[in-house]
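3D model of this:
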Amino acid sequence: MAKRGGFPGGMPGNMSNLMKQAQRMQRQMEESQKELEVKEFVAKAGGGAVEVTVTGKKEVTGVKLSGEVVDPDDIEMLEDLIMAAVNEALRMADEAGAEVMNKMTGGLGGGFPF
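Alright, predicted model coming up:
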């Protein structure tokens, strides 16, 4: 006759293994996040005239401008190039973060389909 109700029937062992797996996955996520935070992403715009570096924490750590792009009569172009390079570098950082999450969740996207 089958037992009804409660967990007496081996469930605690499975629960223990599940908790260990969850803790291991959490440690791996924390390590991956730390690695991502110090990683740098470099993007260029205007054929390399503007170069921007950001970290995985999405902090701008460097901006390099080529001399020929600095035209006092065309500040708007320089602003557009800087904006384009920053946005591209941030996109690269976002993609790297999404890739880490995808590896950790096995492609579930952080959610469950129910």
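
Please count neighbours and contacts with C-alpha atoms only from this point.
Fine.

Now do the helices in this structure.
Along the chain, counting by DSSP state H, helices occupy 11-38, 75-105.

Deepest-packed of these, please.
Counting by mean count of other C-alpha atoms under 10 Å, helix 75-105 has the highest mean neighbour count of these, with a mean of 17.

which helices and strands does that helix pack with?
Other helices and strands packing on helix 75-105, by 3 or more C-alpha pairs under 8 Å, 6 or more residues apart in numbering; DSSP states H and E, are helix 11-38, strand 40-45, strand 50-55.

Now do that helix, average pLDDT.
The pLDDT scores in helix 75-105 average 91.

quick one, it and helix 11-38 angle?
Angle of helix 75-105 versus helix 11-38, following axes from the mean of the first three to the mean of the last three C-alpha atoms, to 10 degrees, is 160 degrees.

ok so, going back, turn the helices and strands packed on helix 75-105 into CSV, including distance to residue 92.
Output for these, formatted as CSV (distance: least, C-alpha to C-alpha, whole Å):
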stretch, distance to residue 92
helix 11-38, 11
strand 40-45, 7
strand 50-55, 9
